[in-house]
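J.: Turn this into a model:
(chains A and B)
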Amino acid sequence: MSNQQDTYFIPEPSKWPVLFSLALFIVFCGTASMFNYYLTNGEMASFGSHLLLLGFVAVFYMFFVWFRDVIDESLSGAYNQQVDISFRWGMGWFIFSEVMFFAAFFGALFYARVYSVPWLGGEGSGAATNEFLWPAFENTWPLLLTPDMTIDGLSTKFTEIKEVIPAFGIPAINTLILLSSGATVTFAHWALKKGQRAALCWWLFATVLLGAVFIYLQGIEYVHAYHDLGLTLNSGIYGSTFFMLTGFHGFHVTMGAIMLTVILLRCIQGHFTKENHFAFEAVAWYWHFVDVVWLGLFIFVYWL
Amino acid sequence: MSDVAAHEHHHDDHDHKPTGLGRWLFSTNHKDIGTMYLVFSLIMFFVGGAMAMVIRAELFQPGLQFVDPQFFNAMTTMHALIMIFGVIMPAGVGLANWMIPIMIGAPDMALPRMNNMSFWILPFAFAMLLATFFMEGGAPNGGWTMYPPLVTQLGEGFPYLIFTVHFLGVSSIMGAINIIATVFNMRAPGMGFMQLPLFVWTWIITAFLLIASMPVLAGAVTMLLTDKYFGTSFFVAAGGGDPVMFQHIFWFFGHPEVYILILPAFGIVSQIIPTFARKPLFGYESMVYATAAIAFLSFFVWAHHMFTVGMPLAGELFFMYATMSIAVPTGVKIFNWLATMWRGSMTFETPMLFALAFVILFSIGGFSGLMLGITPADFQYHDTYFVVAHFHYVLVTGALFALMAATYFWLPKWTGHMYDETLGQAHFWLSTISVNVLFFPQHFLGLAGMPRRIPDYAVQFTEWNMISSLGGFAFGLSQLLFVWVIIKCVREGKKADEQVWEGARGLEWTLPSPPPFHSFTVPPKVDASVAHS
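T.: Residues are numbered from 1 along each chain as shown, chains lettered A, B, ... in the order given. Model prediction:
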């Protein structure tokens, strides 16, 4: 049943939504213009990249001022339980939409592994591409040689993969790191609910640190892949799915770490009480979400 | 910034109402935002409509008359993108904004600032999309479905197209989250789920479809982007990918999208028919379950858009049977509407006329959809004008007619004035006759083998194309009358009382017309007189 309240909370008119739309517009136009420039001139630095930078600053500023208003409202006690529940619904379904975003990329990975690569390798009824186009192509996963690399003398845009990243190296360590960070953020939550602010801050700090180590290791892995293994965005469907999934996930971890940092600062400021700390929980949800997605990545991208 | 809007009673309409341009730019009011959505979609309706007029003018005769083929293809592509993302979807969200809070007894949407952002993204996004007309390579012309490898050959407009899709996705997802939070959290005491008006029900289900499908589209176009600029090979067979993979991912979004467009229309018709039949909706619960079933099934039928593209036989069969099964819950809805009217004391004001036309003409679109859903038959119909006729019956005489019905139905509530009934009915008859002259012949053209998305055709198709074009021009002109009726209603007209329609039931009809700026400042009482079941 819905909440019964004596009064409702409705925010006053706000400048930020329309300006935020404008900021995003600048980001998109800047990026598009930069890409067009890159295609003709081979480099990114251009009017578009400057516009993009401006847009980023604007988006960052919009997040800052919008959340500042929300935090002020929350601290002044303007919110009631109904607002709290609306925020919970909002955050929950936002995370679900992110899950579906990842689903598109996992879908691409599964489609490549179950259909497109086997079909190119001659499996499936009536698929003639193998026989007529790439008779030497073999269906393997990880796919080291793309179909057009199997034709002698054909210059190809793809780079050959010497080796892929084994699951039980850095990826396994990263799995442990992210799982531990899921535990530390929960310890932080317990401390918050007991009103132990020092413990809260230290556990949260540990979580941010683990997130940062994860991103650092992921960076090392990328450098290794590019420099030593020939595993790049240009190395066919394996590199495409690998970098799209890990990259998109790494971007989310970075966002999550920034959000955790903001929450840490707010914890140090003493913004949260035992009862009223949804911002903390929202970020913790988000952190668990990137954690769970990583498990999917570890199993399907690195391991199996 | 942090005031709790002080709410006393709503005897003073103009309490707290902001003024000037800021009222619209910085709005946190569901009615103002709803109005902006509706006005925006009306404007885009004419932009997209103008493109349709170019298409029909070019197809009036065989041969190339007015535009070159590239531009013609840009017209079909942009017409589709604008009508889907700029007209039908925003109009649906606009109605949701206006009506859901006052139907469930809430003061506003749950997250009003985010609500405003959902709207303001639209003008920026469409500015970006329309700007592609002036770029090297022109506007997108590979079809709204953006299939690779054709779409990646687009010129400078390509990244703008992709980012428009991302941008609109952000807007839709925020709008959908808002609707879910509102319905689940803001209902007045006593308003249980099985007391919700059916329009609210169809919108919750639509919101779930949006949240589940829009991100998948965003993912698909992101892969197009990286394929073009970062050397990935998701859709490149030479690298181990597959162009067909894009079609699967796209239609995983695309088919739920079809129901995103039509489910709110079902909701609208389910409000209007009981009102003018003066009977409660027949089979309320079965309507709810049928809507949910349609939405659920819509995730398992996507490949019926691509029967001819190459798929294992088991896939062809599965998607055919899954598609057929959607006819069952849809049939439940049609029969419920008919049963609602059975022995009702019916009157035929404009909203009811549009709702009745919806039931009949949408069914025609539904049946041609069944024909297309039969795999072996689809091999014959695929990419012909039969498909064009099918989805225009579903989207124009379906979704759009329902939106027009909704406009006439709720315009007195929004403006406080009655619209001109004579002009409204004239608009209905002109539209209904011309739209059939426009689209019905396209069935014949398609069955005779005329391909879609092509500016020229063989001479034997000339007569039906001419008739179709004449219908098109008449339909386009008729819509000017629609705008005139709306403007006239906003400016003048008989004062509407709060009830407006004799048979209307529900909380929205307990508020004055127009409703006060903040709809319900204290939770209203919900009892049998306003609840739906």
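J.: Closest approach to chain A from the stretch 101-250 of chain B, which residue is it?
T.: Among the residues of the stretch 101-250 of chain B, B:G219 lies closest to chain A, at 2.5 Å counting by CB to the nearest CB. Bear in mind the C-beta positions are built from the backbone N, C-alpha and C, glycine included.
J.: got it, and the stretch 251-400 of chain B?
T.: At 6.8 Å from chain A, B:P312 is the closest residue in the stretch 251-400 of chain B, using CB to the nearest CB.
J.: Tell me how many other residues surround that residue.
T.: 14 (other CB atoms under 10 Å in any protein chain shown).
J.: Could I get the pLDDT score of it?
T.: B:P312 is assigned a predicted lDDT (pLDDT) of 89.
J.: Double-check it against A:P118; I have them as touching.
T.: No. The pair B:P312 and A:P118 fails to qualify as a contact (CB atoms under 8 Å) at a distance of 11.6 Å.
J.: What ranges does the stretch 1-150 of chain A have for its helices?
T.: In the stretch 1-150 of chain A, the segments counted as helices under DSSP state H, counting those that start in this stretch are A:16-41, A:47-75, A:81-111, A:117-120, A:129-132.
J.: Identify the contacts common to B:P312 and A:P118.
T.: Overlap of the contact sets of B:P312 and A:P118 (by CB atoms under 8 Å, 6 or more residues apart in numbering or on different chains) consists of A:G124.
J.: returning to what we had before: let me know which of the helices of the stretch 1-150 of chain A is tucked in deepest.
T.: Counting by mean count of other CB atoms under 10 Å in any protein chain shown, helix A:117-120 has the highest mean neighbour count of those, with a mean of 23.
J.: elements contacting it?
T.: Secondary-structure packing of helix A:117-120 (3 or more CB pairs under 8 Å, 6 or more residues apart in numbering or on different chains; DSSP states H and E): helix A:129-132.
J.: Do the helix it packs on and chain B come into contact?
T.: Yes. Judged by CB under 8 Å from any CB of the partner chain, helix A:129-132 and chain B are in contact via A:T129.
J.: Sort out which residues of stretch B:408-428 are buried, please.
T.: Within stretch B:408-428, the residues that qualify as buried are B:408-420, B:423-424, B:427-428, counting by 16 or more other CB atoms under 10 Å in any protein chain shown.
J.: Revised request: answer the last question for stretch B:44-57.
T.: By neighbour count on 16+ other CB under 10 Å, the buried set for stretch B:44-57 is B:44-49, B:51-57.
J.: for the record, mean pLDDT for it?
T.: For stretch B:44-57, the mean per-residue pLDDT is 98.
J.: what's that stretch in contact with?
T.: B:65-67, B:72, B:75-76, B:78-79, B:82-83, B:86-87, B:90, B:126, B:130, B:438, B:468-469, B:472-473, B:476, B:479.
J.: Remind me which helix or strand B:N436 belongs to.
T.: helix B:421-447 (DSSP states H and E).
J.: Helix or strand next in line after that helix, which one?
T.: That would be, after helix B:421-447 and using DSSP H and E, helix B:462-491.
J.: I'd like the distance from that following helix to the chain centre, please.
T.: Taking CA atoms, centre = their mean, to the nearest Å, one finds the center of helix B:462-491 at 19 Å from the center of the full chain.
J.: Next: stretch B:289-302.
T.: Taking mean C-alpha positions (CA atoms, centre = their mean), stretch B:289-302 and its chain are 17 Å apart.
J.: Restricted to strands, list the buried residues of stretch B:408-428.
T.: The subset of those located in strands under the criterion DSSP state E is empty.
J.: The strand or helix carrying A:A191: which residues count as buried?
T.: Assigned by DSSP H and E, A:A191 belongs to helix A:170-194. Within helix A:170-194, the residues that count as buried by 16+ other CB under 10 Å are A:170-171, A:174-175, A:177-178, A:180-182, A:184-185, A:187-189, A:191-192.
J.: Out of the buried residues of stretch B:44-57, flag the one nearest to chain A.
T.: Relative to chain A, the closest of the buried residues of stretch B:44-57 is B:M44; by CB to the nearest CB it sits at 16.6 Å.
J.: thinking again about what came up before, check which residues of the next helix or strand after the helix holding A:A191 are buried.
T.: Sequence-wise, the next helix or strand downstream of helix A:170-194 (DSSP H and E) is helix A:197-224. Within helix A:197-224, the residues that count as buried by 16+ other CB under 10 Å are A:200-208, A:210-215, A:217-218, A:221-222.
J.: Also compute the angle for helix A:197-224 relative to helix A:170-194, please.
T.: 160 degrees (axes from the mean of the first three to the mean of the last three CA atoms, to 10 degrees).
J.: other SSEs contacting helix A:197-224?
T.: Going by 3+ CB pairs under 8 Å, 6+ apart, helix A:197-224 lies up against helix A:170-194, helix A:236-269.
J.: these two touch, right, A:Y286 and A:M259?
T.: Yes. With contacts counted by CB under 8 Å, A:Y286 reaches A:M259, the gap being 6.4 Å.
J.: Let me see the confidence value for the closest residue to B:A106 other than its chain neighbours.
T.: Closest residue to B:A106 apart from its sequence neighbours, by CB to CB, 6 or more residues apart in numbering or on different chains: B:M186 at 3.7 Å. pLDDT, B:M186: 92.
J.: What of B:S213?
T.: For B:S213, the model assigns a pLDDT of 97.
J.: and it, what helix or strand is that in?
T.: Using DSSP H and E, B:S213 sits in helix B:198-229.
J.: Now do that helix and helix A:236-269, the angle between them.
T.: Using the same axes, to 10 degrees, helix B:198-229 lies at 120 degrees relative to helix A:236-269.
J.: Could you check the angle the following helix or strand past helix B:198-229 makes with helix B:198-229?
T.: Using DSSP H and E, the helix or strand that follows helix B:198-229 towards the C-terminus is helix B:243-277. With the same axes, to 10 degrees applied, the angle from helix B:243-277 to helix B:198-229 works out at 160 degrees.
J.: distance between helix B:243-277 and the chain's centre?
T.: Distance, stretch centre to chain centre, for helix B:243-277: 8 Å (CA atoms, centre = their mean).
J.: Could I get the buried residue list for that helix?
T.: B:243-277.
J.: could you dump the following helix or strand past it to PDB, C-alpha only?
T.: Per DSSP H and E, helix B:243-277 leads on to helix B:284-297 as the next helix or strand towards the C-terminus. Taking Å, rounded to 0.1, in the frame of the first residue of the first chain, the C-alpha atoms of helix B:284-297 are listed here in PDB:
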ATOM      1  CA  TYR B 284     -11.000  -5.200 -16.000                       C
ATOM      2  CA  GLU B 285      -8.700  -7.900 -14.500                       C
ATOM      3  CA  SER B 286      -8.300  -9.800 -17.700                       C
ATOM      4  CA  MET B 287      -7.400  -6.500 -19.400                       C
ATOM      5  CA  VAL B 288      -4.600  -6.000 -16.800                       C
ATOM      6  CA  TYR B 289      -3.300  -9.600 -17.300                       C
ATOM      7  CA  ALA B 290      -3.600  -9.400 -21.100                       C
ATOM      8  CA  THR B 291      -1.500  -6.200 -21.100                       C
ATOM      9  CA  ALA B 292       1.100  -7.900 -18.900                       C
ATOM     10  CA  ALA B 293       1.100 -11.000 -21.100                       C
ATOM     11  CA  ILE B 294       1.500  -9.000 -24.300                       C
ATOM     12  CA  ALA B 295       4.500  -7.100 -22.700                       C
ATOM     13  CA  PHE B 296       6.100 -10.300 -21.500                       C
ATOM     14  CA  LEU B 297       5.700 -12.100 -24.800                       C
END
